[in-house]
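Asks: could you look at this predicted model? Sequence included:
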Amino acid sequence: MSIVNLRHLQPGARIGLSDGSTAEVVSNPLDGIWVFARYLSSPRDASRVGTEEMIFAQDIVEIR
Amino acid sequence: MATGRRYRGGLVDLGTGLISREIFVNEEIYAEELDRVFTRAWLFVGHESQISKPGDYVVSCMGEESVILCRDREERVHVFLNSCRHRGMKVCRYDEGNTPVFTCPYHGWSYATDGKLVGVPYFREAYHGKLDRSQFGLVEVAQLATYKGSVWATWDPKAPGFLEYLGEFRRYLDLTLDGWDGRDGGTEVLGGVQKWLIPCNWKFPAENFSGDSYHNISHRSVDMVGIGPSGSGRRDTRERLIARRLQICFPERGHQTGLYVLPKDQPTPPAYQQSPVVSEYFRHCEEERRRRRGEWGRVTGSPGEVFPNTALHPRQPRTFAVWHPRGPHQTEVWRWYLVDSDSPPEVKDFLRQYYIRYSGPAGLTEQDDMENWNYAHAASRGTIARRYPYTYEQGMGFEVESYEWDGLRLPGSVLDITEAKSSEHNLRNLYRRWAEFMDAASWDELATWRTPAP
């Protein structure tokens, strides 16, 4: 699996997370470690859907 | 006034005017002053014009500590220790920029611009959601003050407020921070901050800017070259010929400055003669300043020092400098150049060129100074050299507490050097206050003005 380069993630990009969730990038501080994203789905915790969180780079597994 | 103070067995002996070289070169004294001086005094951090928008930040220093000066999303100004609460890594390694968060590159802890810890990798998994993030925000200074655009901070919650710390010296600080035409504030930083290292103790430049007019001989070559804004000398100082030249200090505060006071009804001599646009700008400003400030408009500033390590240059060039300690034998100089924010572009450009001709690592006058400080320090480190104290006896006992001249009373302890040519009054004041900080257990002892002498 290739490493996602966070610096290329634009607002609106859809990312897949290590827990199976999907989120949409809201903003990217370009620090290479975090992006702000809104959960679109979260198989393990449905309450996260619609919420915005800082997503850690190591949790981002792919761009969807 | 503790004129006879003898800090630690006579290292600073103001009764005789002798000060030991140890306070400049001794490793233990240096470590002690980082704690006793730099964690308790108010220190200059930067200028609001450097962080005009939410998310703007600059990295600055307080003593040896790296700090972040920033403006949060609510436009509040903060100064934080630039060190992650997890393992201490710098969370900001750029000089300046704009960001929504400061992220530690080591393990990824992330802080909002208000200092709150907002991102902890594997918070749910590794910490099981139990880490109390509210306890691990960035360390913020105990007190912060913005004054006419300048930003100051202290680590000591018991230090007096900044304006109390300044006392009446505030009026002299205003000579650097107010508009040339006498309006309150209105300055901005011109260009970036110049930063460079010099091999000497920080007190050498602090002493020099406190009012060492005795060393003018070492700038003679610059005067001869004529780097000044009218093409002669290094500054336009025709007022030297008609004004009273004063050294003014505040013994209970540790601040000091030089000053010129023009005679009543005597206009400020023309300046900036190399450019008609600039010359006219300053002529107009001086006229306005006299109109706005009245008698106080006769006062023009000369180099000074806010205790402990912030130097003022109110005019020609108009700058702040901070002497950051970097060990007993090294100082990192940071110099900010100020202009009226609404001055015409021609004026800013003219001043920029003059400022860098005069100050900074490439400035001719500053090079003269650095050569003196660096070699004086190097020649004071040896075992033999340390046995021989420096003398600061000029003008001892000639200061006046209620100085008045030609209808203008000036606050502070004043020594008139118009005829004397030079004095070390202000230099002694710097070391008096330094010794008090080194001796005092807390601000209860340092805020002596709160307890009038019986």
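Replies: It's in.

Asks: from residue B:234, how far off is residue B:279?
Replies: Between residue B:279 and residue B:234 the computed distance is 18 Å (Cβ to Cβ, to the nearest Å). Bear in mind the C-beta positions are built from the backbone N, C-alpha and C, glycine included.

Asks: who's more crowded, those two?
Replies: residue B:234 (26 against 19; other Cβ atoms under 10 Å in any protein chain shown).

Asks: mind listing what the more buried one touches?
Replies: By Cβ atoms under 8 Å, 6 or more residues apart in numbering or on different chains, residue B:234 lies in contact with B:219, B:222, B:223, B:226, B:227, B:228, B:358, B:364, B:365.

Asks: give me the pLDDT value at the closest residue to the fourth one other than its chain neighbours.
Replies: If I follow you right, that is residue B:226. Leaving aside its sequence neighbours, residue B:226 sits nearest to residue B:232 (Cβ to Cβ, 6 or more residues apart in numbering or on different chains; 4.5 Å). Per-residue pLDDT puts residue B:232 at 82.

Asks: what about residue B:232, neighbour count?
Replies: Residues lying near residue B:232 (other Cβ under 10 Å) number 15.

Asks: flag every residue of chain A that's near chain B.
Replies: Residues of chain A lying near chain B by Cβ under 8 Å from any Cβ of the partner chain: A:27, A:29, A:31, A:32, A:33, A:34, A:36, A:54, A:56, A:57, A:58.

Asks: and the gap between the first one and residue B:368?
Replies: Relative to residue B:368, residue A:27 is positioned 51 Å away (criterion: Cβ to Cβ).

Asks: buried sites along stretch B:442-454?
Replies: Buried residues in stretch B:442-454, counted by 16 or more other Cβ atoms under 10 Å in any protein chain shown: B:443, B:446, B:447, B:448.

Asks: quick check: closest non-adjacent residue to the first one.
Replies: I take that to be residue B:443. Distances taken as Cβ to Cβ, 6+ apart place residue B:158 nearest to residue B:443, at 4.6 Å, with adjacent residues excluded.

Asks: pretty sure residue B:269 contacts residue B:240?
Replies: No: under the criterion of Cβ atoms under 8 Å, residue B:269 makes no contact with residue B:240, lying 9.4 Å away.

Asks: tell me the secondary structure at residue B:60.
Replies: strand (DSSP: H, G, I helix; E, B strand; the rest coil).

Asks: could you check the pLDDT of it?
Replies: 98.

Asks: swap in residue A:25?
Replies: Note for residue A:25: predicted pLDDT of 98.

Asks: what does residue B:142 give?
Replies: pLDDT, residue B:142: 98.

Asks: residue B:383 sits in which helix or strand?
Replies: Residue B:383 is part of no helix or strand, with elements assigned from DSSP states H and E.

Asks: follow-up on the earlier one: in a markdown table: the contacts of residue B:234, plus secondary structure and pLDDT.
Replies: Formatted as a markdown table, those follow (DSSP: H, G, I helix; E, B strand; the rest coil; pLDDT from 0 to 100):
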| residue | secondary structure | pLDDT |
| --- | --- | --- |
| B:219 | helix | 88 |
| B:222 | helix | 87 |
| B:223 | helix | 86 |
| B:226 | coil | 85 |
| B:227 | coil | 86 |
| B:228 | coil | 87 |
| B:358 | helix | 92 |
| B:364 | helix | 92 |
| B:365 | helix | 92 |
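
Asks: so what's the residue found closest to residue B:340 once you drop the neighbours it is linked to in the chain up against?
Replies: Computed as Cβ to Cβ, 6+ apart, the closest residue to residue B:340 that is not its neighbour in sequence is residue B:179, at 5.1 Å. Residues near residue B:179 by Cβ under 8 Å, 6+ apart: B:185, B:186, B:187, B:285, B:340.

Asks: count of neighbours near the closest residue in space to residue B:122 that isn't next to it in sequence?
Replies: Distances taken as Cβ to Cβ, 6+ apart place residue A:56 nearest to residue B:122, at 7.3 Å, with adjacent residues excluded. Residue A:56 has 19 neighbours, counted by other Cβ under 10 Å.

Asks: am I right that residue A:56 is in contact with residue B:121?
Replies: Yes: between residue A:56 and residue B:121 a contact is recorded at 4.6 Å, counting by Cβ under 8 Å.

Asks: and for the two, which residues touch both?
Replies: Common neighbours of residue A:56 and residue B:121, counting by Cβ under 8 Å, 6+ apart, are residue B:108.

Asks: in helices, which of the buried residues of stretch B:442-454 fall?
Replies: B:443, B:446 (DSSP state H).

Asks: can you tell me which of the buried residues of stretch B:442-454 is nearest chain A?
Replies: Of all the buried residues of stretch B:442-454, chain A sits closest to residue B:443, with 38.8 Å by Cβ to the nearest Cβ.

Asks: which residues in chain B form helices?
Replies: Under DSSP H, chain B gives helices at B:22-25, B:27-36, B:162-166, B:170-177, B:203-211, B:220-225, B:276-293, B:345-358, B:364-378, B:425-439, B:443-446.

Asks: any buried residues in the lengthiest strand in chain A, and which?
Replies: Using DSSP state E to define each element, chain A has its longest strand at strand A:34-41. For strand A:34-41, a neighbour-count test (16+ other Cβ under 10 Å) marks A:34, A:35, A:36, A:37, A:39 as buried.

Asks: could I get these as CSV with distance to residue B:261?
Replies: Converted to CSV, these look like this (distance: Cβ to Cβ, whole Å):
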residue, distance to residue B:261
A:34, 57
A:35, 60
A:36, 58
A:37, 64
A:39, 69
